[in-house]
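Student: Below are the sequence and a predicted model for it; my questions follow.
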Amino acid sequence: MDMQAARARGRAVSGVLLVLAGTTCFAAKSIFIKMAYAEGASPEETLLLREWMAVPLFWALFFAYRRSLPPGTRGDAWRAGAAGLLAFFLSPLLDFLGLRLVPAVMERLLLASYPMFVLILSAVIHRRAISAGDAAAVLVTSAGLVLALGGWDTSLLRANLGGAALILGSSMLYALYLVTVGNLVHRLGGIRMNAWGMTAAACAMAGYAVLLAASGRPLQVSGLSPKAYGLIAVLAFVSTFLSFVMMLEGMKRVGAERAAIVSMLGPVLTILLGTWGLGERLEPVQWAGCAVVLAAVTAAEIRKIFGKV
């Protein structure tokens, strides 16, 4: 019995460490993107290369686990591909474009607002009223976002507004993905969904690159510096693929609820990495807004995890 208890504790500890490591890898995403931009890569070039570098990794994972995965039909493949356009093409495209205009710290904070969009979209799609607690969380988060963008400093607010609009659009599209295809992810599993969805997104991004070239804005994917290619490779492997694998394995060991609680450290880790790795600085009013948003989103997620309204 003691041996079984020790194994259970060891499994739980390793699960928490895996989730924390996966969260850290994903939190570094914005940092790697910003560093690639500094090396001359455009948002579109960075996203295109990241997608195509990640696709073989997800297919390798799929074939490694295919016998243990739930079956899928051709119709499921089309639905997963359509979902991938939301989660891996349109949402990241807006995010990558917006990240060129705002600090990584602010980008991660704005993306962390997606649970609020999930609440609103769920209420609209399923035609149900938002509870008083959820409405309060939405209002507090909105107020925090205004402060994070500059608050009463109108010049700072105007400087961040364009990038913030793109990133909030990205957050809303990701929330739409969660609301509309949640059952499909549960039925097919994350590994199959990611392989199919990432493939569809990579093809869509290639098509988008062709449209840009036709309009006189060709992407220079073959003319980047070696450092830029290296950073994008790290982005694809560490922040896209490895973070998914570690989160998936961590959730198997500790459960989705505990993993969700640990992953709430993501925005905080990005803030620390952005401040340390990129030397980013925010004004005091923006830090106050960050604190308000993090508190509101964390409280809302904890209430959802433990079933409180």
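Tutor: Sure thing, it's come through.
Student: rest of the way, CA atoms for contacts and neighbours
Tutor: Fine.
Student: which element is V140 on?
Tutor: Element membership for V140 (DSSP states H and E) is helix 132-149.
Student: Which elements pack onto the next helix or strand after that helix?
Tutor: The helix or strand immediately downstream of helix 132-149 is helix 154-188, counting by DSSP H and E. In this structure, helix 154-188 makes packing contacts with helix 74-84, helix 91-99, helix 104-111, helix 114-125, helix 132-149, judged by 3 or more Cα pairs under 8 Å, 6 or more residues apart in numbering; DSSP states H and E.
Student: do that again at 7 Å, thanks
Tutor: Helices and strands in packing contact with helix 154-188 are listed as helix 91-99, helix 104-111, helix 114-125; criterion 3 or more Cα pairs under 7 Å, 6 or more residues apart in numbering; DSSP states H and E.
Student: Report the angle between the first one and helix 104-111.
Tutor: If I follow you right, that is helix 91-99. Here helix 91-99 points in a direction 140 degrees away from that of helix 104-111 (axes from the mean of the first three to the mean of the last three Cα atoms, to 10 degrees).
Student: next one: the longest one
Tutor: Per the same axes, to 10 degrees, the angle that helix 114-125 makes with helix 104-111 is 20 degrees.
Student: Show me what counts as buried in helix 114-125.
Tutor: Buried residues in helix 114-125, counted by 16 or more other Cα atoms under 10 Å: 114-122.
Student: ok, and what's touching it?
Tutor: With Cα atoms under 7 Å, 6 or more residues apart in numbering as the test, helix 114-125 has contacts from 129-130, 138, 171-172, 175-176, 179.
Student: Could you do stretch 43-60 as well?
Tutor: The contact list for stretch 43-60 (Cα under 7 Å, 6+ apart) reads 96-97, 194-195, 198-199, 202, 205-206, 219, 221, 232-233, 235-237, 241.
Student: ok so, going back, mean confidence for the helix holding V140?
Tutor: Looking at helix 132-149 alone, the average pLDDT works out to 70.
Student: got it, and stretch 46-61?
Tutor: Along stretch 46-61, the predicted confidence averages to a pLDDT of 95.
Student: got it, and stretch 28-35?
Tutor: Across stretch 28-35, pLDDT averages out at 91.
Student: do stretch 219-228 as well
Tutor: Per-residue pLDDT values over stretch 219-228 give a mean of 91.
Student: May I have the residues that are in contact with V234?
Tutor: For V234, the set of contacting residues under the criterion of Cα under 7 Å, 6+ apart is empty.
Student: Next, count neighbours for E39.
Tutor: Using other Cα atoms under 10 Å as the criterion, E39 is surrounded by 16 other residues.
Student: sorry, back to before: what's the farthest-apart pair in the contacts of helix 114-125?
Tutor: With distance counted by Cα to Cα, no two of the contacts of helix 114-125 lie farther apart than A129 and S171, which are 21.7 Å apart.
Student: These two - which one has more neighbours?
Tutor: Higher neighbour count among A129 and S171: S171, with 26 against 13, using other Cα under 10 Å.
Student: OK, contacts around that one?
Tutor: Remark: with contacts taken as Cα under 7 Å, 6+ apart, S171 is in contact with 91, 111, 113-114.
Student: do that again at 6 Å, thanks
Tutor: Residues counted as contacts of S171 (Cα atoms under 6 Å, 6 or more residues apart in numbering) are 111, 114.
Student: which residues in the stretch 201-309 of the chain form helices?
Tutor: For the stretch 201-309 of the chain, applying DSSP state H, counting those that start in this stretch gives helices covering 226-234, 243-254, 256-263, 266-277, 284-305.
Student: I'm done for today, thanks for sticking with me.
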